[in-house]
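[1] Need a 3D model of the following:
(one chain, ligands or ions: 3)
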Amino acid sequence: MRTLSSDMSHLSGQHFTRRVVYPMAGIMIGVIIVVIGFLILSARQQNQLEIEGSTRLALTALQVKAREVGRNLRDYTIRPDVHEHVRDRIDLDWAVTDGNIGANIYKDLGYEMVFVVAPGDKTLYSLIDGVPTKMDALEAMPRGLRDLLHVAAIQPDPTTSLIKSGNDVYVVAANGILPPSVDRSSINPRDLTMLVFAKRLDQKFLDRMGHDYLLSDLTISLDNQFGKEASIPLLTQNRMYLGTISWSPPKPGNQLLGFIVPPLGLALLVLAAFSVLVVRNARRSTSALEESATRVSHLAHHDALTSLPNRVLFRERLNVALAPAMATSTSVAVICLDLDNFKEVNDSMGHAAGDQLLQQVAERLASCVAYSDTVARLGGDEFAVIQIGANQPHDAEELSRKLIDGLRTPFIVEDQILHIGVSIGIALADTKDRIPERLLKNADIALYRAKQGGRATYRIFEAQMDAELQERRALEYDLRQAVLKNELELHYQPLIDLEHQTVAAVEALVRWRHPVRGLVSPADFIPLAEETGLIVAIGEWVLETACSQAMSWDRLRIAVNLSPVQFRNRELVETVRQVLQRTGLEPDRLELEITESILINDTGAALDILNGLKALGVKIAMDDFGTGYSSLGYLNSFPFDKIKIDRSFIGDLSDTEKSGAIVKSVIGLGQSLKMVTTAEGVETFEQAAFLRQQGCDQVQGFYFSKPVVAAELSAFVERWNSGNQQTRTQIEAA
Ligand code: C2E
Ligand code: MG
Ligand code: MG
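    Ligands and ions are numbered 1, 2, ... in the order given. The predicted model follows:
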């Protein structure tokens, strides 16, 4: 049988991983990526800000330098003595020797080049590193200086530009030499003599600038190579590219990263470890929870004793099987099973044995069905199967035969061999009628018919069974009323002692005088009374009535039939004792007739009751001997006082020799076991004569008297004993 729990616990792990672990891990990874991304971005931004800041600083530094050069230059160009000594030619003594524009400019102000350029771009004076040379200014700075001079000539203040000379770049300032005392407008700018100062952007200059402006690692390159992260281009006034100053700005972002990343990494690691722990714990408790949910669901859907699906799950599966979607593809049979002798086992051997038996039955049933079928225990000894078969009713019939065969093999419970039959009712779902309740009810009706049909058999539901069931219900209702309204009566049939030609006993046989149906035979209503349990009340009434009736007959024994159902109740012994006490009948005048069926499972309980009855002093007769199992073992296991040979053998006496042989041997058996033998159903003189010849002790049958009312029986006994009865004379003669 399918068990879902293992599948489900397996699924629950996956389920948990899918529903909890993946999203959590996703969120964690997402958060980590966002945090790291944010850190990197802000570090980059910080770095960028730093680059921009230091670039601004570097530009400022250059501008400041240019302005400084300009300022220094201006200090000279406005001096009247400069104006005086520098005209068409320069007074070298004044300039160099007196140190007015000489080495001091290089030493004190740090300008590597000084030029004095007269109108017409004529170099009057060159000073390189403080030493006068013959260098032509425009040759020293072939590109840029001419333009600068022209621009500077028309500006009152010094004009600066970056200009390349050889392999170096210079901050160059130019200004016309004109003291404030001279009116500028009176002079043509072309006629101005220009003074030029040039400051070389060499490493020394850069180191100084780096020191002043906190820019580290400043370098200059004249090719297009940007070696470092931060740089500014060196452009002439005409925006011509000369080279680049580059430097390594500090990277506060990287510092920040270096500062934050290790503890953050550690924190993330701890968080990850913690999450793993939390997830593992959660997973554990979730699976524990799911496991217990699965267990609860299993308990709710399965029978605790047999682990088979219970009524709830059975109904669920039946609903699924009968769902409209399945209507065309499958054909469903509901098979109801009821164990034939379970109640006897349960009553006589106790519930523990009954439980063991049910477990074994469940195993056998489960082993008979296909995987797609469902076997369920609906309660007590009721089981049911949902069979999905393509070929109904053939499949259901085949399965039913298999189930009946499967349960036919005896069971061993508490070292006892038990024979348990099973009765089966089948209901088939057709395409129109797929209502679960109706299907179950129909299978139940068919089951009832199977039981009536002699058990260990199956029946398929047919519409008219329902009508018959209604009829049975009506009969049951009537029977209950009959018990209440005293509609039952007893008829009596004599048992004739063949040897002494006396009426040895009378058998009480119950009759039901139904206001509409007329006289109903016990064969028709005793089974119904047994099924409904009414037999207990009826049996007690019969016993009481028969015993008190017997009190009015001198010395006659009274035989009363007991149903196997009455035997299930240990109270029986007490009931009989009380009836004897109430009616005052001597116990040995009471014969209780039982059938073999109460001993079928040879259970201790039935024997206990029999012994209890025997102890009261009543006689016990084995009724209908020869039908049923007729195990000689039964005769051995209990000292019966009488065997009643079933009337079927007697009826067959004239037809088959076999019956004669059986009757003979049963009589012989009775004699050897010291039991009285009675033959039932004697209808002819020949039968009676044959039985007498064989040594049968008693006879009973229509040949002598049908069952009659008490008054009639009294008359019969009187006639018989007085020898007036014709039958008696014939028998005596025989
Ligand atoms: P049984 O105990 O074997 O009773 C004998 C049956 O055989 C009676 O049928 C009786 O009418 C019938 N019978 C007697 N002589 C002849 C004969 O010559 N030919 C034929 N064909 N039948 C004959 P009845 O009264 O219909 O009872 C049927 C069965 O119902 C009884 O079989 C007994 O098992 C059961 N029964 C009757 N009364 C009671 C009762 O009060 N309690 C219980 N538990 N069962 C009863
Ligand atoms: Mg009887
Ligand atoms: Mg009988």
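[2] Report the buried residues of stretch 277-288.
    Judged by neighbour count (16 or more other C-beta atoms under 10 Å), stretch 277-288 contains these buried residues: 279, 283, 286-287. Every C-beta, even on glycine, is put in place using the N, C-alpha and C of the backbone.
[3] Out of the residues you listed, which comes closest to ligand 3?
    Nearest to ligand 3 out of the buried residues of stretch 277-288 is S287 (C-beta to the ion; 66.1 Å).
[4] from the chain's centre, how far out does stretch 166-185 sit?
    96 Å (C-alpha atoms, centre = their mean, to the nearest Å).
[5] Was I right to think R44 contacts G253?
    Yes. Counting by C-beta atoms under 8 Å, R44 touches G253, with 5.7 Å between them.
[6] more crowded one of those two?
    The neighbour count for R44 versus G253, taken as other C-beta atoms under 10 Å, is higher for G253 (20 against 14).
[7] got a list of what the more buried one touches?
    42-47, 50 (C-beta atoms under 8 Å, 6 or more residues apart in numbering).
[8] In helices only, show me these.
    The helices, defined by DSSP state H, take in 42-47, 50 from the contacts of G253.
[9] Those residues into CSV, with extra columns for pLDDT and distance to V261?
    Below are the ones in helices among the contacts of G253 laid out as CSV (pLDDT from 0 to 100; distance: C-beta to C-beta, whole Å):
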residue, pLDDT, distance to V261
S42, 90, 12
A43, 89, 9
R44, 89, 14
Q45, 91, 16
Q46, 89, 14
N47, 88, 15
E50, 88, 19
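[10] Identify, from those, the entry nearest to S331.
    Of all these, S331 sits closest to S42, with 72.5 Å by C-beta to C-beta.
[11] I'd like the average pLDDT over the longest strand anywhere in the chain.
    The longest strand of the chain (DSSP state E) is strand 502-514. Strand 502-514 comes out with an average pLDDT of 95.
[12] Quick one: distance of it to the chain centre.
    For strand 502-514, the distance to the chain centre is 64 Å (C-alpha atoms, centre = their mean).
[13] Mind listing what's buried along the next helix or strand after it?
    Following strand 502-514 in sequence order, the next helix or strand is strand 518-520 (DSSP states H and E). Using 16+ other C-beta under 10 Å as the test for burial, strand 518-520 gives V520.
[14] Residues in contact with strand 518-520: which ones?
    Taking C-beta under 8 Å, 6+ apart as the rule, strand 518-520 contacts 511-514.
[15] quick one: which of those is nearest ligand 1?
    Comparing those against ligand 1 with C-beta to the nearest ligand atom picks out R511 as the nearest, at 7.4 Å.
[16] can I see the domain layout of the protein?
    49-247, 302-461, 473-733 (automatic domain parsing).
[17] Redo those domains as CSV? Include distance to I260.
    Output for those, formatted as CSV (distance: least, C-beta to C-beta, whole Å):
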stretch, distance to I260
domain 49-247, 17
domain 302-461, 59
domain 473-733, 86
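[18] closest to A273 out of these?
    That would be, of those and by C-beta to C-beta, domain 49-247, which comes in at 36.3 Å.
[19] how distant is the closest one from the center of its chain?
    Put simply, domain 49-247 sits 90 Å off its chain's centre (C-alpha atoms, centre = their mean).
[20] and stretch 682-692 with ligand 1, contact?
    Yes. Using C-beta under 6 Å from any ligand atom, we find that stretch 682-692 touches ligand 1 at 682-683.
[21] Near ligand 2, which residues of the stretch 551-700 of the chain are found?
    561, 593, 623 (C-beta under 5 Å from the ion).
[22] Ignore what I typed, I meant the chain.
    For the chain, the contact set with ligand 2 under C-beta under 5 Å from the ion comprises 561, 593, 623.
[23] The last one: neighbouring residues, count only.
    What that stands for is D623. Residues near D623, counting by other C-beta under 10 Å: 23.
[24] Surely A333 and Q387 touch.
    Yes. Assessed by C-beta under 8 Å, A333 is found in contact with Q387 at 4.4 Å.
[25] contacting residues around D347?
    By C-beta under 8 Å, 6+ apart, D347 lies in contact with 568-569, 605.
[26] List buried residues within these.
    So, by 16+ other C-beta under 10 Å, the buried ones in the contacts of D347 are 568, 605.
[27] ok, and of the contacts of D347, which contact ligand 3?
    Okay, of those, nothing touches ligand 3 (C-beta under 5 Å from the ion).
[28] Tally up the residues packed near the closest residue to V35 other than its chain neighbours, please.
    Using C-beta to C-beta, 6 or more residues apart in numbering and skipping the chain neighbours, the partner closest in space to V35 is L264 (7.2 Å). A count of neighbours around L264, defined by other C-beta under 10 Å, yields 15.
[29] Now do the phi/psi pair for L264.
    phi -70, psi -40 (degrees, to the nearest 10).
[30] So it is in contact with I40, correct?
    No. Using C-beta under 8 Å, L264 makes no contact with I40, being 11.9 Å away.
[31] if we can go back for a sec, turn the residues of the chain next to ligand 2 into JSON lines, including secondary structure.
    Putting those into JSON lines (DSSP: H, G, I helix; E, B strand; the rest coil) gives the following:
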{"residue": "N561", "secondary structure": "strand"}
{"residue": "E593", "secondary structure": "strand"}
{"residue": "D623", "secondary structure": "strand"}
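[32] Of all the residues in the stretch 51-200 of the chain, which one is nearest ligand 3?
    Closest point on the stretch 51-200 of the chain to ligand 3, by C-beta to the ion, is I51, at 120.6 Å.
[33] Excluding covalently adjacent residues, which one is nearest to that residue?
    A230 (4.7 Å).
[34] ok, now which ones touch that neighbour?
    51, 54-55, 58, 246-249.
[35] Look up how far R208 lies from it.
    18 Å (C-beta to C-beta, to the nearest Å).
[36] same thing with F115?
    24 Å.
[37] Mind checking which of the two has more residues around it?
    Ranked by neighbour count (other C-beta under 10 Å), F115 and R208 place F115 first, with 25 against 15.
[38] Buried residues in stretch 345-356, which are they?
    Under 16+ other C-beta under 10 Å, the buried positions of stretch 345-356 are 345-349, 353-354, 356.
[39] and the residues you listed, which of them are in strands?
    Per DSSP E, strands hold no members of those.
[40] which two from these end up farthest apart in space?
    Farthest apart among these - using C-beta to C-beta - are D347 and Q356, which lie 15.0 Å from each other.
[41] quick one on the thing from earlier: just the buried residues of stretch 277-288 now: which is nearest ligand 2?
    Nearest to ligand 2 among those, counting by C-beta to the ion, is S287 at 66.1 Å.
[42] Identify the spatial nearest neighbour of R480, chain neighbours not counted.
    L534 (6.5 Å).
[43] coming back round to it: partners of the residue nearest to I51 in the sheet?
    Bridge pairing for A230 (DSSP bridges) gives the partners W247.
[44] ok, the residue nearest to D136 when sequence neighbours are not counted - contacts?
    Nearest residue to D136, sequence neighbours excluded (C-beta to C-beta, 6+ apart): T123, at 4.7 Å. Shown in contact with T123 (C-beta under 8 Å, 6+ apart): 115-117, 135-138.
[45] Surely T123 is in a strand?
    Yes. Secondary structure assignment places T123 in a strand (three-state DSSP).
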